[in-house]
Structures are given as C-alpha cells and as structure tokens.
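**Student:** Have a look at this prediction, sequence included:
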Amino acid sequence: MLGYERNLVASSLRTDQTLMVALSIPDITNPFWPEVARGVQDACEAQGYTVALLNSDWDARREIAHLQTVRRNRFDGLLINPIRITNAELRALKTPAVLLGSGEAFPDFDSVGSDSAKAVLTALEHLVALGHTRIGLIAGISQRDRPDTRYQGYVEVLLRYGLPFDQALIVRCPYSQAGGTAAMRQLLSLTHPPTAVLAGNDILAIGALIAAREAGLTVPDDLSIIGIDDIQAASTTSPPLTTVAKPKYEIGVQAANLLLERIRGAGPAVPRHLLLEGQLKVRGSTCAPP
C-alpha cells in the first residue's frame with residue numbers, strides 16, 4: 001500500500017526486537033570515530049538495523065546513563081568503547097554487546113580493535129630504518145585505567161635495537177593538538193633534542209608539526225615526525241604526515257557483524273577478540289636524520 005510505514009514500536013512489542021543498536025563512543029570530536037561509525041552504520045543498515053549514536057565525552061556518569069538508555073529503550077544490542085564500566089556491569093545489562101577496542105578487561109564479550117602495539121612497532125621501525133637513534137615520544141595521557149601501549153612499545157623497540165633510553169625524550173600530554181604543540185616545544189628545548197618524534201596519534205603529530213614550524217625547523221629535513229591513525233587531515237598537512245593507518249572503517253564493520261550475530265543468537269561460545277593491523281603510510285614528514 002502506498003504511504004505505508006512499519007510501526008517499529010508496535011512491531012517490537014510483537015517480536016521483542018526494536019531493530020535498533022546503540023553505538024557509544026567517548027569523543028565525537030575525535031576524527032578517528034566518524035570512520036568507525038560509518039562502518040557500523042553501513043553493516044547494520046545492510047541487515048535492517050538503525051544505529052543510535054551516543055557520545056560520553058569521557059564522562060563516566062554519561063557512560064552509565066548510556067547503559068540505562070539501552071535498557072530503557074530496549075535496544076537490541078550495544079557497541080561501546082568503554083571508559084570506566086566493568087565487565088560485570090556490562091553483563092548485568094543483559095543486552096548483546098561488542099567492545100570497540102582490545103577488550104582486555106572484558107573477557108565475556110567479543111571485541112574488535114586496532115593493534116596499537118604493532119602500530120607503535122611499525123612506526124618506530126620506520127624511523128630506525130631511516131637511521132634515527134635519538135627518537136622522542138609524545139605520549140597522550142589516557143583517561144582510561146589501562147597500560148600505556150605506546151610507552152611500552154617505545155621502550156621495547158629501544159631495547160630491541162640497542163638504542164639508549166632517555167626519559168627526557170618522553171613527554172606526556174592530553175590527546176589534543178595543543179597538547180602535541182606544547183610537548184614538541186618541550187622536546188625542542190632540550191640540549192640534545194631528538195632527530196625524530198613518534199606522536200601517540202595524528203592529532204598530537206599535527207600539533208608537533210606546528211611547534212616545529214614555529215621553531216623555524218623544516219620537517220623532515222631538520223626533524224622527522226610520525227603519527228598513528230591516518231585521520232583525514234594527515235594527508236593535507238604541510239608536509240603530509242607519515243603515519244600508521246588504522247583500519248577504522250573495517251573495525252566498525254567487523255564489530256557490527258559480530259554484534260548482529262550475537263543478537264541472532266549465533267556465534268561461538270567463546271568470545272572473539274580481534275585486533276586489526278595498521279599499515280604504514282609514508283608521506284613527507286619523515287626522512288633520514290640530518
């Protein structure tokens with residue numbers, strides 16, 4: 001019949017399904033998340049589901065409120081990049097859920113994330129292969145209670161290649177462009193500054209590029225800078241940023257597919273924890289040391 005639209009509320013009362021899933025992320029302004037969200041939406045819409053986007057803004061109270069929203073509105077499933085909630089709290093929700101991330105602290109749930117440790121290794125090995133031995137690290141300050149994989153990977157690579165460890169070459173700052181700029185200024189103020197810098201993500205790396213330009217340095221001739229993520233802006237900076245591209249869209253697609261399996265009651269008894277590898281994108285911000 002022309003003009004007919006299915007009443008999802010009435011349908012959900014009959015089938016106990018709303019055909020809606022929630023996607024809870026911590027920072028809607030971070031350019032990493034739109035590609036993940038697009039992957040989630042494309043995969044869910046292909047199977048008749050609508051996605052509701054929830055942004056916690058790194059607020060643990062809002063994250064708890066998101067769980068209440070999922071329960072109150074009878075969402076069929078939840079995709080979440082958690083901040084403070086625990087495995088037990090997510091189990092108590094009694095709604096199929098999949099983690100966006102490593103899922104280390106959530107053994108009872110499927111998870112899909114990027115292999116951050118491998119991304120750090122890839123980035124640092126690129127700099128070492130170019131001949132850099134004095135490499136700085138701009139490490140973002142995580143708002144989650146979890147080990148710092150970027151710092152751990154940095155230390156492991158230095159040990160592997162017999163490079164000296166200098167605590168002064170490690171600067172921690174908020175995951176923001178301003179944080180990256182301030183951290184780079186601190187590194188450049190050293191008596192012996194680094195010849196190359198790994199930034200914890202592209203936003204920090206772009207901030208580092210700004211600080212290098214302010215100091216009158218030419219990147220990469222005077223200083224190499226590499227990031228992680230490959231956000232859209234990374235290819236438009238001056239010079240274009242060398243980075244390790246994380247498979248953001250694919251993370252969203254795979255996580256959504258795992259969730260839809262769980263909603264249908266399918267999938268293995270043992271939760272799956274997938275870590276997708278990134279790919280080095282060599283652009284104009286890295287070269288051999290001066």
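**Tutor:** Now that the structure is in, tell me what you want to look at.
**Student:** Can you point out the buried residues in stretch 273-290?
**Tutor:** Within stretch 273-290, the residues scored as buried using 16 or more other CB atoms under 10 Å are His273, Leu274, Leu275, Gly278, Lys281, Arg283, Ser285, Thr286, Cys287, Pro289. C-betas here are computed from N, CA, C, even on glycine.
**Student:** for the stretch 101-250 of the chain, what spans make up the strands?
**Tutor:** Secondary structure of the stretch 101-250 of the chain (DSSP state E, counting those that start in this stretch): strands located at 110-114, 135-140, 170-173, 196-199, 224-229, 242-245.
**Student:** now the ones you listed in CSV, with mean neighbour count and mean pLDDT?
**Tutor:** Shown next, in CSV, are those (neighbours: other CB atoms under 10 Å; pLDDT from 0 to 100):
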stretch, mean neighbour count, mean pLDDT
strand 110-114, 25, 97
strand 135-140, 25, 95
strand 170-173, 18, 96
strand 196-199, 30, 98
strand 224-229, 29, 98
strand 242-245, 26, 98
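**Student:** just for the stretch 51-200 of the chain, where's the confidence low?
**Tutor:** Residues of the stretch 51-200 of the chain meeting the criterion pLDDT under 70: 145-147.
**Student:** so which of the strands of the stretch 101-250 of the chain gets nearest Arg185?
**Tutor:** strand 170-173 (9.3 Å; CB to CB).
**Student:** Name every sheet partner of the closest one and say whether each one runs parallel or antiparallel.
**Tutor:** Applying DSSP bridges, strand 170-173 is found paired with strand 135-140 (parallel).
**Student:** Now do the strand it pairs with: everything it contacts.
**Tutor:** 124, 127-128, 148, 150-151, 154, 158, 163, 169-175, 179-180, 183-184, 187, 193-201, 204-205, 208 (CB atoms under 8 Å, 6 or more residues apart in numbering).
**Student:** What about those, which are in helices?
**Tutor:** Of these, the ones assigned to helices by DSSP state H are 124, 127-128, 150-151, 154, 158, 179-180, 183-184, 187, 204-205, 208.
**Student:** Tell me who's in contact with the residue nearest in space to the middle of the chain.
**Tutor:** By CA atoms, centre = their mean, the chain has its centre lying nearest to Phe32, at 6.2 Å. Taking CB under 8 Å, 6+ apart, we find Phe32 in contact with Asn201, Asp229, Ile231, Lys246, Lys248.
**Student:** And for Ala288?
**Tutor:** Counted by CB under 8 Å, 6+ apart, Ala288 has contacts Leu130, Gly131, His132.
**Student:** Please name the nearest non-neighbouring residue to the second one.
**Tutor:** Take Gly131 and drop its neighbours on the chain: the residue closest to it by CB to CB, 6 or more residues apart in numbering is Ala288, 4.9 Å away.
**Student:** before we move on, what about the first one?
**Tutor:** Across the structure, with CB to CB, 6+ apart as the measure, the residue nearest Leu130 apart from its sequence neighbours is Ala288 (4.9 Å).
**Student:** And the pLDDT at the one you found?
**Tutor:** Ala288 is assigned 98 on the pLDDT scale.
**Student:** quick one, phi/psi of it?
**Tutor:** For Ala288, the backbone dihedrals (degrees, to the nearest 10) come out as phi -60, psi 150.
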